[in-house]
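Student: Provide a 3D model corresponding to the input given below.
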Amino acid sequence: MVKLKAIRHTGVKITDVTKAKEFYGQILGMTELPRPELPIPGAWYECNGVQVHLIGDNEKMRDIPGVGAHIAVQVEDLEQAKAELTARGIAFHELTPPPSMRANPVLFVRDPDGNVVELRTDE
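Tutor: Reported below is the predicted structural model:
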C-alpha cells in the first residue's frame, strides 16, 4: 500500500481565468498564492493548508498529466510508491517539474475511472 501523508492540492480545469479568480478569491474568499511562471494560464489559491490550482486550457499541453483536473497527494516515500504501483501492474508517468517550480519529481497515475492522481513528496 502507498503510504499517504496529506492531500496537497487539487487541480481544477477552468476556461476563463478572470471569472475563476473572482469566484475562488472574491466569492469563496480563498487566499491567492504566488504561482511560478508556467506556459498554462491559471492561478493558485489556498484554503486551510490545501491548495486549489486553477488550470486554464493550453492546446499544446493537453496530453501532459496533471495539466487538467487532478488531485495531488503527498506520500511518505516516492520510491516506495513507484515500487508498489509497479508490483501491482499500475502504469504511471514520472515527471520532473521545471526548475522555476522548485519541486521534486512527481508521479501521475489514473484511478479506475481515468481520474488523474498526482503522487508527490516534499523531501
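Student: switch to C-alpha atoms for all contacts and neighbour counts from now on
Tutor: OK.
Student: strands of this structure, start to end?
Tutor: 4-13, 31-33, 42-47, 50-55, 70-75, 92-95, 106-110, 116-120 (DSSP state E).
Student: could I get those strands in CSV, plus columns for distance to Leu85 and mean neighbour count?
Tutor: Shown next, in CSV, are the strands of the chain (distance: least, CA to CA, whole Å; neighbours: other CA atoms under 10 Å):
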stretch, distance to Leu85, mean neighbour count
strand 4-13, 14, 17
strand 31-33, 32, 16
strand 42-47, 29, 19
strand 50-55, 25, 22
strand 70-75, 13, 20
strand 92-95, 8, 15
strand 106-110, 9, 20
strand 116-120, 11, 23
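Student: now mean pLDDT too, for those strands, in JSON lines please.
Tutor: Rendered in JSON lines, the data for those read as follows (pLDDT from 0 to 100):
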{"stretch": "strand 4-13", "mean pLDDT": "90"}
{"stretch": "strand 31-33", "mean pLDDT": "97"}
{"stretch": "strand 42-47", "mean pLDDT": "95"}
{"stretch": "strand 50-55", "mean pLDDT": "92"}
{"stretch": "strand 70-75", "mean pLDDT": "90"}
{"stretch": "strand 92-95", "mean pLDDT": "92"}
{"stretch": "strand 106-110", "mean pLDDT": "91"}
{"stretch": "strand 116-120", "mean pLDDT": "90"}
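Student: could you redo the ones you listed as JSON lines and give each row distance to Ala83?
Tutor: Shown next, in JSON lines, are these (distance: least, CA to CA, whole Å):
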{"stretch": "strand 4-13", "distance to Ala83": "14"}
{"stretch": "strand 31-33", "distance to Ala83": "33"}
{"stretch": "strand 42-47", "distance to Ala83": "31"}
{"stretch": "strand 50-55", "distance to Ala83": "27"}
{"stretch": "strand 70-75", "distance to Ala83": "13"}
{"stretch": "strand 92-95", "distance to Ala83": "11"}
{"stretch": "strand 106-110", "distance to Ala83": "12"}
{"stretch": "strand 116-120", "distance to Ala83": "13"}
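Student: figure out which of the ones you listed is closest to Thr86.
Tutor: Ranking the strands of the chain by proximity to Thr86 (CA to CA) places strand 92-95 first, at 8.4 Å.
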